[in-house]
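> with the input below, show me the fold.
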Amino acid sequence: MNLETEVCIVGAGPGGIATALKLSYLGIPCILVDKASFPRDKICGDAISGKVTTLLNRLDPEIMQRFHAQPIQTDVWGVRFVAPNAKTIDIPFKVGYVRNEKKAPGYVCKRWEFDHFLVEEVRRRDNIQLLLETPIDTFTRIDTGFLLRSESKNVEIKCQLLIDASGAHSPFSRQYAGLEKDPKHHAAAIRAYYRNVSDIPKDNFIELHFIKSVTPGYFWIFALPNGEANVGIGMRSDIVKRRGVNLRKELARIIAEDPNISPRFKDAELIGKFEGYGLPLGSKTRRISGDHYMLVGDAGHLIDPLSGEGIGNAFYSGIIAAEQAEICLREKNFSDIFLTAYDVRIQRVLGSEMKLSYRMQQICGNPLLLNFVTNIVDGNLKMLEYFSAMYTDFDLRGQLVKPWFWIKMWLRKS
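Reported below is the predicted structural model:
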């Protein structure tokens, strides 16, 4: 089968689907190809940030209406931070919120369910050609763009613009675009599903436990529907190697022995097994476009360095890639120089946020400092309001890495 298209997207995860849907709503046909059949599992923390819901609502509010109509998600209204000294702080995404499940600021949904939902949204669009179970074996640069081949499916696709959204292990990203793994800007994580974890926070606040043995990473518990939870730990890869940490054993040890964690798993049941995955972090500026191509989401190393959340940035980069594709097609220009506009916009929209997250990640690697910060915030309503505002105000968030800010807060509290 020989196909030809202006835009071909490789990877039908959130980034690739965001790209395809945005192109579709812009009236631009495309081919979306993925090696998997759906539904399929994707090892992930399963957290869906407000970026995703905001972008989907902008694209088409009916998509979110269909999402809410399916009982596949829990609504999330804030974050619970637990310091190394076990002191707990609950920070809502918005102070004084009134819970409304159809207008939650965030969700947790298994990727098995969420990605399948997104694929079904693609099937609704008649100008997206969806090719599943079609692994791309070779990418060949040709005069007009790229030629993609799937040997097992005997498929060839010619495109003017290739958008690679095939994830953290993208062969195109590594072999053609040259984005190699850098352990200082990469994280390793282990995820497990449990049923009947006790003491889930009110309103499903996602839990981040900064346990000394895994700092500057953290242990998490994210509540899912039907009494289930996504549980895991993540650490930066260079630190894992330097300390010789076995993340699987460490996750099991925390669940079995940590005095603040293990009682909550007394009656819990492991569903399946521990699964590992890698996270290419966006803390290092990289070139993610070139002649006739752009990289989206994990393929472009755009995961938040502090939270490890990648779905929101994948969505954002997919939307930006689609809008840049429209400009390229209109101007008939797919050159390396012309596509730098994509990199510039990614850095403007996401780059500063990820650099700040990287600095905050380094701060979180100091347990004493984390305890100091927690003691300042604990019981301080003004500080809680300040932290809540930081979720949406980048300038306020930038204060967190300034020593004078914390000195001033400490003096006020004392």
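
> Leu55 belongs to a strand?
No - the assignment for Leu55 by DSSP: H, G, I helix; E, B strand; the rest coil gives helix, which leaves it out of any strand.

> domain parsing for the protein?
Residue ranges for each domain of the chain read 2-73+110-181+283-359, 183-280, 365-413, as given by automatic domain parsing.

> in JSON lines, list those domains along with mean neighbour count, distance to Asn85 and mean pLDDT.
Where you see a C-beta, it was placed from the backbone N, CA and C, and this is true even at glycine. Output for the domains of the chain, formatted as JSON lines (neighbours: other Cβ atoms under 10 Å; distance: least, Cβ to Cβ, whole Å; pLDDT from 0 to 100):
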{"stretch": "domain 2-73+110-181+283-359", "mean neighbour count": "20", "distance to Asn85": "20", "mean pLDDT": "95"}
{"stretch": "domain 183-280", "mean neighbour count": "18", "distance to Asn85": "10", "mean pLDDT": "95"}
{"stretch": "domain 365-413", "mean neighbour count": "15", "distance to Asn85": "5", "mean pLDDT": "76"}
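
> could you dump the ones you listed into JSON lines and include distance to Ile89?
Below are those laid out as JSON lines (distance: least, Cβ to Cβ, whole Å):
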{"stretch": "domain 2-73+110-181+283-359", "distance to Ile89": "16"}
{"stretch": "domain 183-280", "distance to Ile89": "10"}
{"stretch": "domain 365-413", "distance to Ile89": "5"}
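
> which one of these lies nearest to Lys87?
For these, proximity to Lys87 was assessed by Cβ to Cβ; domain 365-413 is nearest, at 4.8 Å.

> so what's the gap between that closest one and the chain middle?
How far domain 365-413 lies from its chain's middle: 24 Å, per Cα atoms, centre = their mean, to the nearest Å.

> do stretch 309-323 as well
Centroid separation for stretch 309-323 versus its chain: 10 Å, with Cα atoms, centre = their mean.

> now stretch 149-163
The chain centroid and the centroid of stretch 149-163 are separated by 27 Å, computed with Cα atoms, centre = their mean.

> contacts for it, please.
Counting contacts by Cβ atoms under 8 Å, 6 or more residues apart in numbering, the residues outside stretch 149-163 that touch it are 1-10, 16, 19, 31, 33, 131, 133-140, 142, 144-148, 172, 292-296, 321, 325, 328-329, 334.

> now stretch 130-143
10, 12, 31-38, 119, 122-123, 146-153, 155, 158, 162, 166, 172, 176, 291-292.

> in strands only, show me those.
The members of the contacts of stretch 130-143 that map onto strands under DSSP state E are Val10, Ile31, Leu32, Val33, Phe146, Leu147, Leu148, Arg149, Ser150, Val155, Lys158, Leu162.

> any chance of a markdown table for those, columns distance to Phe93?
As requested, the ones in strands among the contacts of stretch 130-143 are exported to a markdown table (distance: Cβ to Cβ, whole Å):
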| residue | distance to Phe93 |
| --- | --- |
| Val10 | 34 |
| Ile31 | 37 |
| Leu32 | 32 |
| Val33 | 36 |
| Phe146 | 41 |
| Leu147 | 46 |
| Leu148 | 41 |
| Arg149 | 46 |
| Ser150 | 43 |
| Val155 | 44 |
| Lys158 | 45 |
| Leu162 | 37 |
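
> going by distance to Asn260, which of these wins?
Nearest member of the ones in strands among the contacts of stretch 130-143 to Asn260, counting by Cβ to Cβ, is Val10, at 43.4 Å.

> tell me how far that closest one lies from Ile31.
To Ile31, Val10 is 9 Å away according to Cβ to Cβ, to the nearest Å.

> what packs against the host helix or strand of Met64?
Taking DSSP states H and E as the criterion, the element that holds Met64 is helix 61-68. Using 3 or more Cβ pairs under 8 Å, 6 or more residues apart in numbering; DSSP states H and E, the elements in contact with helix 61-68 are helix 50-59, helix 111-123.

> how about the residue nearest the centre of the chain, what does it touch?
By Cα atoms, centre = their mean, the chain has its centre lying nearest to Gly310, at 1.2 Å. By Cβ under 8 Å, 6+ apart, the contact set of Gly310 is Cys44, Leu279, Gly297, Asp298, Leu302, Ile303, Asp304.

> alright, I will stop here.
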